[in-house]
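> Sequence below, structure please.
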Amino acid sequence: MIVCVCKSVSDRKIRTAIANGAASFDELQFELGVALCCGKCEESVRDVMAQSGVCASRCGVEQRDLAQPVPLMFCERKAA
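The predicted structure follows:
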């Protein structure tokens, strides 16, 4: 199935890249160019990553309950 129409990237290509060591969304973006044009495929790419076990096993991101809101934190930057 084509996941990224802009770059013609299939779920098979994503799974192959993961099997070859891509361990984060950023690495998939760099290697395959996914979600760089219109960005509509980002959620689908992340779903394929989760199905492949990347988030749980390699990137350290834990699955969260989507019903619970994520707290936002703002930091003030000061000039050097």
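> which stretches of this structure form strands?
Here the chain has its strands, by DSSP state E, at 2-4, 9-10.
> Need the pLDDT of the nearest residue to Leu36 once chain neighbours are set aside.
Excluding the flanking residues, the one nearest Leu36 by CB to CB, 6 or more residues apart in numbering is Gln29, at 6.2 Å. In short, each C-beta sits where N, CA and C put it, glycine included. Among the per-residue scores, Gln29 shows a pLDDT of 93.
> cool, Ala67 as well?
For Ala67, the predicted pLDDT is 64.
> cool, Lys7 as well?
94.
> how deep is the residue nearest to it when sequence neighbours are not counted tucked in, by neighbour count?
Leaving out its chain neighbours, the residue that sits closest to Lys7 by CB to CB, 6+ apart is Gly33, at 4.3 Å. With neighbours defined by other CB atoms under 10 Å, the count for Gly33 comes to 14.
> ditto for Ile18
For Ile18, using other CB under 10 Å, the count is 20.
> For it, give me its contacts.
28, 49, 52, 54 (CB atoms under 8 Å, 6 or more residues apart in numbering).
> Same question for Ala17.
27-28, 31-32.
> Ile2 too?
Ile2 neighbours (CB under 8 Å, 6+ apart): 8-10.
> Mark which of those residues are buried, thanks.
Among those, the ones that count as buried by 16 or more other CB atoms under 10 Å are Val9.
> how about the contacts of Ile2 in TSV, adding distance to Gly21?
Formatted as TSV, the contacts of Ile2 follow (distance: CB to CB, whole Å):
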residue	distance to Gly21
Ser8	22
Val9	17
Ser10	19
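> So which of the contacts of Ile2 is the closest to Lys78?
Val9 (41.1 Å; CB to CB).
> Tell me how many other residues crowd the residue nearest to Leu36.
17.
> ditto for Leu32
For Leu32, the neighbour count with other CB under 10 Å is 21.
> Next one: the residue nearest to it when sequence neighbours are not counted from Gln29, what distance?
Nearest residue to Leu32 in three dimensions, chain neighbours excluded: Val9, at 5.0 Å (CB to CB, 6+ apart). Applying CB to CB, to the nearest Å, the value for Val9 to Gln29 is 10 Å.
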